[in-house]
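**Student:** predicted model and sequence below, questions to follow.
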Amino acid sequence: MMRKVLVAFALKEEFAPWRRRHRFRPVSVSQRSISVATFGPTEVYVALTGAGGFTAHRFDDVMARFTPSLGIVTGVAAGLRPDWRPGDLLAAQSVCAADAKERIPGDPTLFDLAVQCGAKPAAALITLPHIARTMGKKCAWQAWGTRQIWRAFPR
């Protein structure tokens with residue numbers, strides 16, 4: 001039986017390394033840019049959903065259309081922690097928008113597996129509707145994130 005996995009990238013530039021390494025073909029069944037490749041018994045669908053938390057409904061739309069057994073949201077982290085370096089793979093226990101009103105929990109089993117495979121653990125990742133370009137903005141988001149983590153995981 002063929003399994004389906006959906007991977008969401010915000011931007012085509014984030015998907016480009018995958019596209020270069022594997023034979024993805026376009027699927028023209030949606031307004032979204034969707035591609036698929038087969039890896040053994042698994043079909044991997046890739047959707048370009050756009051940047052920022054306000055695009056989350058696009059992922060839900062594609063999930064409903066393809067009904068995969070697993071969905072993975074990817075992104076480029078701004079690296080607000082000094083131990084997060086360019087090229088590191090992060091696995092988040094949850095993802096939230098900047099207002100932190102809603103938190104989307106990750107699957108604990110997949111989180112543990114990703115960390116065992118070398119991903120760096122993150123309690124929470126924050127999705128922003130824009131890039132924090134200045135050091136001042138990055139520092140402000142870092143402080144905000146630290147406060148959120150202490151609230152979520154008090155000692």
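**Tutor:** All right, it came through fine.

**Student:** report the beta-bridge partners for Val5.
**Tutor:** Applying DSSP bridges to Val5 gives these bridge partners: Val44, Leu70.

**Student:** give me the neighbour count for it.
**Tutor:** By other Cβ atoms under 10 Å, the residues close to Val5 number 16. Yep, even glycine has a C-beta here, placed from its N, CA and C like the rest.

**Student:** any idea how far stretch 95-111 is from the middle of the chain?
**Tutor:** How far stretch 95-111 lies from its chain's middle: 10 Å, per Cα atoms, centre = their mean, to the nearest Å.

**Student:** give me the mean pLDDT for that stretch.
**Tutor:** Mean pLDDT, stretch 95-111: 78.

**Student:** quote the end-to-end distance of it.
**Tutor:** One end of stretch 95-111 to the other measures 12 Å (Cα to Cα, to the nearest Å).

**Student:** neighbours around Arg25, how many?
**Tutor:** Residues lying near Arg25 (other Cβ under 10 Å) number 8.

**Student:** was I right about it contacting Val36?
**Tutor:** Yes - between Arg25 and Val36 there is a contact under Cβ atoms under 8 Å: 6.1 Å.

**Student:** overlap in contacts of those two?
**Tutor:** Between them, Arg25 and Val36 share no contacting residue under Cβ atoms under 8 Å, 6 or more residues apart in numbering.

**Student:** helices along this protein, start to end?
**Tutor:** Secondary structure of the chain (DSSP state H): helices at 12-21, 56-66, 108-116, 135-152.
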